[in-house]
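In: Got a predicted structure here, sequence first:
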Amino acid sequence: MKIPELLRQSIPEVTSALLEDHEIVLQKAGPQPTRRAAVIGFSGDLVKGSLGLAVEPELLEFAHARLMGRSPNARESDDFLSELSNQLLGRIKTVFLRYGVEIYLSTPMVLRGINISVSPGPHSNLVPAHFSTFVGPVSVWIDAQHAPELDVHEVEQAEDVMVEGELMFF
């Protein structure tokens, strides 16, 4: 399987699972501008690039309030968006690992603006996915750089692999 195909299949699944943990249900939609985005880079021997997560502040307020019992201040809102992007890329990392692709995550950064939109060019490796929710639009994109001939296949995994959301104490 080619990396863009794997991402097109995986992005909606992992994004939906992450936001459903915050009781936010996604519906596929077209691209819509947003006012907040977090971008986090990743690198590995086979693939490198970045993931972006763009949302409206209302989504952050709703999810943070559900989790923490109160609305976030501006710093907490940015931190929460950064953490969501980190968790989302962690889920993509888990998908990649099932195909023998190892990546390392960097630190996310938050972008604030009046109109942030995702527009892949004609020769772009950008794989976007756009959704609507009751608290505004959500856009996710991954710009993955890799050898064009890279073809990945599922690999056998150890049975003791953790799943998202599990805790390990040691």
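Out: Sure, I can see it.

In: I figured residue 32 hits residue 131, correct?
Out: No: applying Cβ atoms under 8 Å as the test, residue 32 and residue 131 come out as separate, 9.3 Å apart. Every C-beta, even on glycine, is put in place using the N, C-alpha and C of the backbone.

In: Next up, the contacts around the residue nearest to residue 28 when sequence neighbours are not counted.
Out: Distances taken as Cβ to Cβ, 6 or more residues apart in numbering place residue 131 nearest to residue 28, at 6.1 Å, with adjacent residues excluded. Neighbouring residues of residue 131 by Cβ atoms under 8 Å, 6 or more residues apart in numbering: 12, 15, 26, 27, 28, 29, 137, 138, 139, 140.

In: May I have the secondary structure class of residue 131?
Out: strand (DSSP: H, G, I helix; E, B strand; the rest coil).

In: So which bits of the lowest-mean-pLDDT helix or strand in the chain are buried?
Out: When the helices and strands of the chain are compared on mean pLDDT, DSSP states H and E, strand 109-116 comes out lowest with a mean of 85. Across strand 109-116, burial judged by 16 or more other Cβ atoms under 10 Å covers 110, 116.

In: and it, which strands flank it?
Out: In the sheet, strand 109-116 lines up against strand 34-43 (antiparallel) (DSSP bridges).

In: What residues sit buried inside the longest helix seen in the chain?
Out: With secondary structure taken from DSSP state H, the chain has its longest helix at helix 74-98. Neighbour counts over helix 74-98 (16+ other Cβ under 10 Å) mark 77-82, 84-89, 91-93, 95-96, 98 as buried.

In: just stretch 1-13 next, same as before
Out: 3, 6, 7, 10, 11.

In: which other residues reach it?
Out: 26, 28, 47, 92, 95-96, 99, 101, 125, 127, 129, 131, 140, 142, 144, 146, 150-153.

In: Average pLDDT for it, rounded please.
Out: Stretch 1-13 shows a mean pLDDT of 96.

In: Use 706 as the first number for this chain going forward.
Out: Noted, 706 is the first residue going forward, which turns the last one into stretch 706-718.

In: Now do that stretch: distance to the chain's middle.
Out: Stretch 706-718 has its C-alpha centroid displaced from the chain centroid by 12 Å (Cα atoms, centre = their mean, to the nearest Å).

In: Kind regards, and thank you for your time.
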